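1. Return atomic coordinates for the entry below.
(one chain, ligands or ions: 1)
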Amino acid sequence: MFSFCSKSPVDEEVALVVDAIDKLIVGTITPKTCETMSREISCLPMFDVSYEVVLDKNVSQLVLNLGPKDTYKWLVVSTLNHPVQNKGFKGTPTERIFHVMRIHVVSRVVDAFKHLRVMIPGTITTFTLQANIFDLDENIKKLPEYLSVIRQCNTIRINGDEGKHSSLCSVILNKLRIPVEISTREFPADKNLNLVQVSQTPKIEIGLDYATPEDIMSVATKNTVIWLKEFGIQSINQLLHLWLNSSENHMSSLNLKIKNPEKEKIDDIFKDINSVQGVTKPCCGYKSECDKVGCKNVKLGRLQTVGVHFRRRDTAEAVVFYAIYLNEFTFLMLINHSPFFDFSRFETAKQEFKMTIPAYKKMSKEYMELLRKLHKEEMKLAANPAGKKSDRIQQTLEIGKFKCRCYQWEYYQFAEASINLKHIERIAYCRVNDRLSDGVMSLDDS
Ligand SMILES: [Zn+2]
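-> Predicted coordinates for the structure are as follows:
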């Protein structure tokens, strides 16, 4: 089903596109007519075209953005939870669409997209896959086909429950080359994930079932966030050794979010790494053995708020933080390969933070309002199971639209995550003098 997300005058070209899309969705289009339409449409003064694709067991979406500022924007909503069940059902086009969608919901959306993209070529800005589609075996079987249709997208997001279908997460990521961003967050990929390939994408936020310090170094890209169940202090120590012995020149931030962080062995975090310029604070200066009462807590507190400065032989520098009570990070490394690290980078972060925070506050408020509306609509639908068929379809569509808009607000959550990181950078900036007066950690040349 298509509807206007933005109010715009429907002129001739757009009417043609609308007609083509409608035919696609009801499934009356053949490859031949598709080709004809493609020729007709290509004669028109075309706009920039981009797509957003969401595959979800319940509500899949195709958003087609036309025009320099998305002047025309369509939304296809398909849903499995619709009330039409009569097989010989003859109704309005909308109702017929739902009949088709009910049976092959995800594959129909993929199929429609395939044809649509032939007619109106355009890039996929964001492809979102809800792993719940794999609850249906049919979708697991058709995954290669889906991926061949999607092929290239700038950003991929895979959302899912922890552990379930996580082998498929690796299958998907290994198949696609993503130029902008990968996000699988808490939905972990298994050991078959091609770490080196993933590291070609400049921004990643991924979950890994299991990872060694070597794995982390392989997958680390410019900006990396990795969700892990376990990654002990000893592993962090090894990771620091690997970085100090490496000559990587691309990392900017590495953020590990460890579900079960370790605090008991905190004394070993910088084991066999020497302090140069005399690290004397806190307490014993992060030496691995100390008998003083409360030393562990002082170290933890300092690692969370001030951090420790590291320098590599090639002059690359890093600030390292460790926290066990924060959501934003457990282990965080901010890396710089040029001089004047603290000043320029943190000053920029501070300015950005100041500018963006009011906008995000406003977006957050609107998002909460949308969620409330969505909840209200869903309650209305649930309370009226015997209602008029057409009313129920209309309501389902309304919910679909709300869900789509809520979904777009995930941008907010993403931005928020990156703002968190900027916030951390701001803290790092504020404590730069404390940190530098604490001294610098390095490896011996011997
Ligand atoms: Zn101590």
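2. domains of this protein?
-> Domain ranges of the chain: 1-153, 350-437, per automatic domain parsing.
3. what residues does the stretch 151-300 of the chain put near the ion?
-> For the stretch 151-300 of the chain, the contact set with the ion under Cβ under 5 Å from the ion comprises 283, 284, 290, 292, 295. (C-beta placed from N, C-alpha, C; glycine too.)
4. and those as TSV, adding secondary structure, neighbour count and pLDDT?
-> Putting those into TSV (DSSP: H, G, I helix; E, B strand; the rest coil; neighbours: other Cβ atoms under 10 Å; pLDDT from 0 to 100) gives the following:
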residue	secondary structure	neighbour count	pLDDT
283	coil	16	80
284	coil	17	80
290	coil	15	81
292	coil	9	85
295	helix	18	88
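5. Which member of the residues you listed is positioned nearest residue 441?
-> Nearest to residue 441 among these is residue 284, at 13.9 Å by Cβ to Cβ.
6. how near is the closest one to residue 380?
-> Between residue 284 and residue 380 the computed distance is 63 Å (Cβ to Cβ, to the nearest Å).
7. Flag every buried residue along stretch 183-193.
-> 183, 184, 185, 187, 188, 189, 190, 193 (16 or more other Cβ atoms under 10 Å).
8. what do you get for stretch 285-304?
-> Applying 16+ other Cβ under 10 Å to stretch 285-304 flags 285, 286, 295, 296, 298, 299, 300, 302, 303, 304 as buried.
9. Could you pull up the mean pLDDT of stretch 380-400?
-> What stretch 380-400 shows for mean pLDDT is 62.
10. got it, and stretch 137-155?
-> 90.
11. Mind listing residues that contact it?
-> 53, 55, 104, 106-107, 110, 113-114, 117, 123-127, 133-134, 168, 171-172, 175-183 (Cβ atoms under 8 Å, 6 or more residues apart in numbering).
12. Among those, which are located in strands?
-> 53, 55, 123, 124, 125, 126, 127, 181, 182, 183 (DSSP state E).
13. Same list (these) but as CSV, adding pLDDT.
-> Shown next, in CSV, are the ones in strands among the contacts of stretch 137-155 (pLDDT from 0 to 100):
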residue, pLDDT
53, 87
55, 86
123, 90
124, 93
125, 90
126, 88
127, 91
181, 92
182, 93
183, 89
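14. What's the PyMOL syntax to select whichever of these are buried?
-> The following PyMOL line selects those of these that are buried, judged by 16+ other Cβ under 10 Å:
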select buried, resi 53+55+124+126+127+181+182+183
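15. neighbours around the closest residue to the ion within the stretch 101-250 of the chain, how many?
-> At 15.6 Å from the ion, residue 233 is the closest residue in the stretch 101-250 of the chain, using Cβ to the ion. Other residues near residue 233 come to 20 when the count uses other Cβ atoms under 10 Å.
16. quick one: pLDDT of it?
-> pLDDT, residue 233: 95.
17. again, but for residue 436
-> So, for residue 436, pLDDT stands at 80.
18. Am I right that it is in a helix?
-> Yes - per DSSP: H, G, I helix; E, B strand; the rest coil, residue 436 lies within a helix segment.
19. hang on, it packs against residue 309?
-> Yes - look at residue 436 against residue 309 with Cβ atoms under 8 Å: they come within range, at 6.4 Å.
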